[in-house]
Structure formats: structure tokens, C-alpha cells
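> Mind folding the following:
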Amino acid sequence: MEKLTIDEYSFLEKLTLSHTELIFNAIDQNRTFLRKWLPFVDFTRKLADTERFVRSVIEKVVSNRDEVYVIWYNHEFAGLIGFKDIDHINDKIEIGYWLIEKMTGKGIATAAARKMVNLAFRNMDMNRVVIRCGVGNERSSAIPRRLGFSFEGIERNGERHNHIYIDLEVYSLLKSEWAQTLF
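Residues are numbered from 1 along each chain as shown. As a prediction, this is how the structure comes out:
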């Protein structure tokens, strides 16, 4: 188990197959809340769907693997966070995250994203970190703004949700900017 401590209340644990049922149950119990901004919710109908996702992450070749972590808060499942679209040639990476409803509004996602940003710049030697959020998802877009990311613009029709495409706000932070802050 790889564990990354965030603070006295929360930590990240590297995704494993043992998390499958926990993740599926969280999605199933928070379906209405999560559906608005997360397109995968409608494709997650049974435990096997979540197992397929977890296996797709952990069974990829390490050099091409997304890094996904379970977020724990007071020893309860809070959500997932991870690196995706890792580009080692251009030293850039994207962070994606989601929380179950009862864990929102506590600063959990901001603290977890801060931990991931530090990991990207300190341990992975990335030059650029990106966060994309659905236009109108104010809670999600507040996170990169709190962390000092710059708003770059709108990625038109950037993500498909329920047979329609939604626009995404694109935020980025450069290593040179991160180095000037007290992260």
C-alpha cells in the first residue's frame, strides 16, 4: 500500500483492486450527485464496471499508467484523485478528482489537489499541471483558483455527457509559478 499523508485528517492511498467494491458503492449511493459532472457514472451500473476501470488503471504498463489514489477523510472514503494524460516528453500532466456528496465543502479536494501538485513538481519533475472543470461546476473550478492556477480559457465541447458535449474551463500552473508560492 502506498500512502501519502495530507494532514491529520486525510490521506491518499494508491488505487488497488481491493478498493473496487468501496468505489462502486460510493458511486451507486451518490449517483444523482455525481452524474451532473462525471460522464462515467451512467456507465457504472454494476460492480464489474468499476472492476474494469480499476484493472484498466493498475494493469497498464507503469510508464503509461495513470496514477490514481483513493482519498480518505477521517478514515472514510471521500473520493478519487489522480494524474491522467501524463506526458513525459513535454513534462505536463493533468489532475482529475471527484468526491462523494457528504465530503464536499470541507477542503478535502483542495488539500488532495495541493498534494498532487506538489508530487507532480517535486517528485515527477513536471513543468506544467492542468485541471479541467465543466463550465458551471463552481465547486470544482474553485480548487485550481484557490491553488493559484491561471485560467487559460474554454475547451469547447471538451467532454461528452449524456449524449451532449459540455465546455471545459482549463486551468494551469507552471513549475516556475509553483516555486514562488508556499505550497
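
> all strands for the protein, in order.
3-5, 10-14, 67-73, 76-87, 92-99, 128-134, 150-161, 164-174 (DSSP state E).

> can I get those in JSON lines with mean neighbour count, mean pLDDT and distance to P144?
Heads up, the C-betas are built off the backbone N, CA and C, glycines and all. Written out in JSON lines, the entries for these read as follows (neighbours: other Cβ atoms under 10 Å; pLDDT from 0 to 100; distance: least, Cβ to Cβ, whole Å):
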{"stretch": "strand 3-5", "mean neighbour count": "12", "mean pLDDT": "95", "distance to P144": "20"}
{"stretch": "strand 10-14", "mean neighbour count": "19", "mean pLDDT": "97", "distance to P144": "18"}
{"stretch": "strand 67-73", "mean neighbour count": "22", "mean pLDDT": "96", "distance to P144": "17"}
{"stretch": "strand 76-87", "mean neighbour count": "18", "mean pLDDT": "95", "distance to P144": "13"}
{"stretch": "strand 92-99", "mean neighbour count": "22", "mean pLDDT": "98", "distance to P144": "9"}
{"stretch": "strand 128-134", "mean neighbour count": "22", "mean pLDDT": "98", "distance to P144": "4"}
{"stretch": "strand 150-161", "mean neighbour count": "12", "mean pLDDT": "96", "distance to P144": "8"}
{"stretch": "strand 164-174", "mean neighbour count": "17", "mean pLDDT": "97", "distance to P144": "4"}
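
> Please read off the pLDDT at S63 from the model.
Predicted confidence (pLDDT) for S63: 61.

> Can I get stretch 92-110 in PDB, CA atoms only?
Provided in PDB are the C-alpha atoms of stretch 92-110 (Å, rounded to 0.1, in the frame of the first residue of the first chain):
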ATOM      1  CA  LYS A  92       3.000  18.000 -18.400                       C
ATOM      2  CA  ILE A  93       0.200  16.300 -16.500                       C
ATOM      3  CA  GLU A  94      -3.500  16.700 -15.700                       C
ATOM      4  CA  ILE A  95      -5.200  16.200 -12.300                       C
ATOM      5  CA  GLY A  96      -8.800  14.900 -12.100                       C
ATOM      6  CA  TYR A  97     -10.800  14.400  -9.000                       C
ATOM      7  CA  TRP A  98     -14.200  13.700  -7.500                       C
ATOM      8  CA  LEU A  99     -15.800  13.500  -4.100                       C
ATOM      9  CA  ILE A 100     -19.000  11.900  -2.700                       C
ATOM     10  CA  GLU A 101     -21.600  14.500  -1.700                       C
ATOM     11  CA  LYS A 102     -21.100  14.300   2.100                       C
ATOM     12  CA  MET A 103     -17.400  15.000   1.800                       C
ATOM     13  CA  THR A 104     -17.800  18.300  -0.100                       C
ATOM     14  CA  GLY A 105     -17.300  21.700   1.400                       C
ATOM     15  CA  LYS A 106     -14.600  20.500   3.900                       C
ATOM     16  CA  GLY A 107     -11.500  21.500   1.800                       C
ATOM     17  CA  ILE A 108     -10.700  17.800   1.200                       C
ATOM     18  CA  ALA A 109     -10.400  18.100  -2.600                       C
ATOM     19  CA  THR A 110      -8.300  21.300  -2.400                       C
END
